[in-house]
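> Show me the folded form of this:
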Amino acid sequence: STGILQLAAVLALTRARVPLKRDLIFLATADEEAGSRFGAQWVADERREWIAGAEYSLSELGFITTRPGTTAPLGTIVISEKTGLPLRLTARSAPGHGSMPWPDTAPHRLIRALGRLLAADRPPRILPETQEYFARLASVLPGDQGKGLDSLERSLQDPAFRARFFGSPHHAAMVRTTFAVTMLKGSEKRNVIPPEAVAEIDCRMLAGEDPEEIKDWVRRAVADDQVEVEITSPPKQPNLSPPDTELYKHLADALRGRAPGVVVVPEILVGFTDNWVFRNCGLHGYGFGPFVLLNTARKPFDDARLRRAFHLAIGRYEVMKPTNMRLTQVQRWTPSAWEPYGTPLEVVEKLPGYRSDKTEDHAEARKILKDLGLDGGFKLNLAVQTGGQDEQFATVLQAQFKAFKIDANIEVLDRAGVQGNAVDVLM
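Down below sits the predicted model:
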């Protein structure tokens, strides 16, 4: 989905003949979920000339989000990712029959070793960029919810704060190496005690960490010389791009222009994208998505069925008409027939949610609303930035929603800020 949007952006620039200061490369790669070996890493190893001279790379993720009670939207730009260190723990002992177990069978050894590993307290590492993320998050949280986030090193010394902070899996993963036991292997039969038991562990490292040091730490935590600890494939060394480059500043400006009052924060992603490969090639890599999301924390937008009803109800041709711009056509994925790179209009018109004859889509949208008990109508707040095309788009959407008994209140906001708990849709 992000790749398609990036392709649409490249096509939009091409069609609008926007003068560029440098080359813009659209590189579609596969295999990121499997470690990039046959995608980005293959490009880096076998086709480096494809990205020769490139200074930056943009990947997926990074969003504008609103949360209940926050004083402003939060816009994230991913500057680093925790990468994977594949670990394997192998316990060995004598084989036997399940009717006569003893304490030190291979599976028993492995279970105890895993227990010690998961109970071990590896010290957190607060990178400066991580501290900046939490300090800015604290600035938009209501009341005392952000208390202590502006100084994590000190706050984590307090047991109560530490318990609350590490109670969030996402927060915990941002400040420490993590170990997830994901695969276990023992006997092929229930009544056979195997000579070997194996656990595969998905370990994720922060930028600047040493894979060998982590392996040694795990060995000490396991504390059993009959349990082998090994790294099963070459580590993906984590890396980081600074949040002060020319591109980062432009990305931040784009987020501020997209959402009024947004607080822009650098984020270290707890998963990873292909950017770790491109950073190793000398590029600065960022995860960027100037997407404005429905406030799914607010009812009824927490229901995916309602979001589909919205998709079917909105007439993109009508939204497009007030501006009559080609870039708008691309953004709404409704290219004109004369555009050489556009999807043929006759194809677009057959797609649910995009066709010009909305009769079928509207019928399905009404059925969904009825199933949800919302066919009698409801109210929502539609927040837009003052000036520009968003106000025109919002007016068209407001009229379209009326056909479904949805009362959309348009709230025009300047850059001074936006009360996140009052916003249902942020454009």
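> show me what contacts residue 116?
Residue 116 sits next to 221-223 when contact means CB atoms under 8 Å, 6 or more residues apart in numbering. Backbone N, C-alpha and C define where each C-beta goes, glycine included.
> Just the residues you listed: which are in helices?
221-222 (DSSP state H).
> In JSON lines: the contacts of residue 116, plus neighbour count and pLDDT.
Listed next are the contacts of residue 116 as JSON lines, based on neighbours: other CB atoms under 10 Å; pLDDT from 0 to 100:
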{"residue": "221", "neighbour count": "17", "pLDDT": "97"}
{"residue": "222", "neighbour count": "23", "pLDDT": "97"}
{"residue": "223", "neighbour count": "12", "pLDDT": "95"}
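> would you turn the contacts of residue 116 into CSV with distance to residue 126?
Compiled in CSV, those are given as follows (distance: CB to CB, whole Å):
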residue, distance to residue 126
221, 21
222, 26
223, 28
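> Looking at the contacts of residue 116, spot the one nearest residue 375.
Of all the contacts of residue 116, residue 221 has the smallest distance to residue 375: 57.5 Å, by CB to CB.
> That closest one is in contact with residue 117, isn't it?
Yes: using CB atoms under 8 Å, residue 221 is in contact with residue 117, at 4.9 Å.
> what's the burial count for residue 210?
12 (other CB atoms under 10 Å).
> same question, the one 3 residues further on
Other residues lying near residue 213 total 11 when counted by other CB under 10 Å.
> what's the answer for residue 11, then?
Around residue 11 there are 19 residues (other CB under 10 Å).
> Kindly provide the distance from it to residue 281.
25 Å (CB to CB, to the nearest Å).
> which element is the closest residue to residue 20 other than its chain neighbours on?
In space, and not counting its chain neighbours, residue 20 is closest to residue 13: 7.3 Å by CB to CB, 6 or more residues apart in numbering. Using DSSP states H and E, residue 13 sits within helix 2-15.
> Restrict stretch 193-206 to CA atoms and write it as PDB.
Presented in PDB, the C-alpha positions along stretch 193-206 are these (Å, rounded to 0.1, in the frame of the first residue of the first chain):
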ATOM      1  CA  ILE A 193      12.600 -37.900  25.500                       C
ATOM      2  CA  PRO A 194      14.800 -36.400  22.800                       C
ATOM      3  CA  PRO A 195      18.600 -35.900  23.200                       C
ATOM      4  CA  GLU A 196      18.200 -32.400  22.000                       C
ATOM      5  CA  ALA A 197      15.700 -29.500  22.400                       C
ATOM      6  CA  VAL A 198      15.900 -26.300  20.500                       C
ATOM      7  CA  ALA A 199      14.500 -22.800  20.900                       C
ATOM      8  CA  GLU A 200      14.600 -20.100  18.200                       C
ATOM      9  CA  ILE A 201      14.700 -16.600  19.500                       C
ATOM     10  CA  ASP A 202      13.800 -13.400  17.700                       C
ATOM     11  CA  CYS A 203      16.200 -10.900  19.300                       C
ATOM     12  CA  ARG A 204      16.000  -7.200  18.300                       C
ATOM     13  CA  MET A 205      18.900  -4.900  18.700                       C
ATOM     14  CA  LEU A 206      19.100  -1.100  19.100                       C
END
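> And the strands in the stretch 201-350 of the chain?
Counting by DSSP state E, counting those that start in this stretch, the stretch 201-350 of the chain has these strands, from start to end: 227-231, 263-269, 284-287.
> and of those strands, who's closest to residue 87?
Of the strands of the stretch 201-350 of the chain, nearest to residue 87 by CB to CB is strand 227-231, at 6.3 Å.
> residues in contact with that closest one?
Against strand 227-231 from outside (CB under 8 Å, 6+ apart): 85-92, 109-110, 113, 211, 215, 218-219, 222.
> got the angle between the helix or strand hosting residue 113 and strand 227-231?
Using DSSP H and E, the element containing residue 113 is helix 106-119. Between helix 106-119 and strand 227-231, the angle comes out at 60 degrees (axes from the mean of the first three to the mean of the last three CA atoms, to 10 degrees).
> can you pull the buried residues of helix 106-119?
106-110, 112-114, 117 (16 or more other CB atoms under 10 Å).
> so is residue 162 in a helix, a strand, or just coil?
Following DSSP: H, G, I helix; E, B strand; the rest coil, we place residue 162 in the helix state.
> oh sorry, the question was meant for residue 43
Assigned by three-state DSSP, the conformation of residue 43 is helix.
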